[in-house]
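Student: Coordinates only, no sequence provided:
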């Protein structure tokens, strides 16, 4: 599905991409087109609020930093929200919703955010580095929260990060009973491997635990307190297992968790979806509880153009939609653009794998 236009804050429409379906770097046609082209956007967290679709992405900028495994080239510093009345319709780019300079505890790199709504308040959850210094001269990633009475912001941040939070990629899922859970974590630049025993090691590994025959580093899950600003319990592991019930191993890079957790519920089952990072798949696993364990099922999305893959899944107008990103507009790993395509299900609840290209 090609999306043809975006709408700036002044209401003027601009082309999101050329109308002749641009060809990828290796000669393939893209399955879908960027939602907006005025700014670079990535890591889309999509939600339906008050009958409209709101996408909370990262805002990519070019800071002139070369690629590395710590992700220093991803120098994002603020957030802008995208709004659509319908899939395929014009996209409104909101003003700056939150800037790193407004966050007292943060130093840099406001990476993939998420949002939630409760009792008239919108919550923006975001990772950023704090002001400590590790062996690389960088802060530890923590997760903050900011609030607004408008889904587009502006958002007012809490003075400190969420107590007990760490790493990156917060994603908040609210169950049918109104209870919310946060899933978070990412290895390599996301520092999850530095929290193996629940204590941060500023001199720890910059990649993973280097134990391929051991259970893979899991994402984290925690129930949110009623105030939606704190954790209600100690953080737990969100374990992914194979069909035999054994944990996926660290050396299984096609199946193990790397980053970008996103959870949704369908027909009473909890779908834990995530990125494999260096093998560039978006995968899914299914469980009977929001805590897991989650049984690995397969790939949702094959590798896109660009190093990272990060997504969200939302139900809208009787269909399910996958929001994701690639590097169509820039050809650079750190300057990405958000896209959307329909997500389908087999009768047994499994998900057919999506190819981000049409040939």
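Tutor: The structure has been received and is ready for your questions. None of these values were measured; they are calculated from a predicted model. Numbers count the residues shown, from 1 in each chain.
Student: now the helices: where do they sit in the protein?
Tutor: Using DSSP state H, no helices are found in the chain.
Student: Pass me the low-pLDDT residue ranges in it, would you?
Tutor: Along the chain, segments meeting pLDDT under 70 span 1-21.
Student: For residue 282, give the beta-bridge partners.
Tutor: According to DSSP bridges, the partner residues bridging residue 282 are residue 275, residue 301.
Student: got a list of what it touches?
Tutor: Applying Cβ atoms under 8 Å, 6 or more residues apart in numbering, one finds that residue 282 lies in contact with 260, 273-276, 299-301, 309, 311, 324. Using the backbone N, CA and C atoms, a C-beta is placed for each residue, glycine as well.
Student: From residue 272, how far out is it?
Tutor: Distance from residue 282 to residue 272, counting by Cβ to Cβ, to the nearest Å: 12 Å.
Student: and if you look at residue 72?
Tutor: Separation of residue 72 from residue 272 (Cβ to Cβ): 29 Å.
Student: quick one: which of those two has more around it?
Tutor: residue 272 (29 against 17; other Cβ atoms under 10 Å).
Student: nearest spatial neighbour of the more buried one, skipping sequence neighbours?
Tutor: Once its chain neighbours are removed from consideration, residue 272 has its nearest residue in residue 294; the separation is 4.1 Å (Cβ to Cβ, 6 or more residues apart in numbering).
Student: which residues sit in contact with that neighbour?
Tutor: With the criterion set at Cβ under 8 Å, 6+ apart, residue 294 makes contact with 238-241, 270, 272, 285-287.
Student: what about 7 Å?
Tutor: If a contact means Cβ atoms under 7 Å, 6 or more residues apart in numbering, then residue 294 has 238, 240, 272, 285-287 as its contacts.
Student: Could you do residue 281 as well?
Tutor: Contacts were defined as Cβ under 7 Å, 6+ apart; by that measure residue 281 touches 254, 299, 301-303.
Student: again with residue 356
Tutor: Taking Cβ under 7 Å, 6+ apart, we find residue 356 in contact with 30-31, 301-302, 304, 326.
Student: Pick the one among the residues you listed closest to residue 44.
Tutor: In terms of Cβ to Cβ, no member of the contacts of residue 356 lies closer to residue 44 than residue 326, at 11.4 Å.
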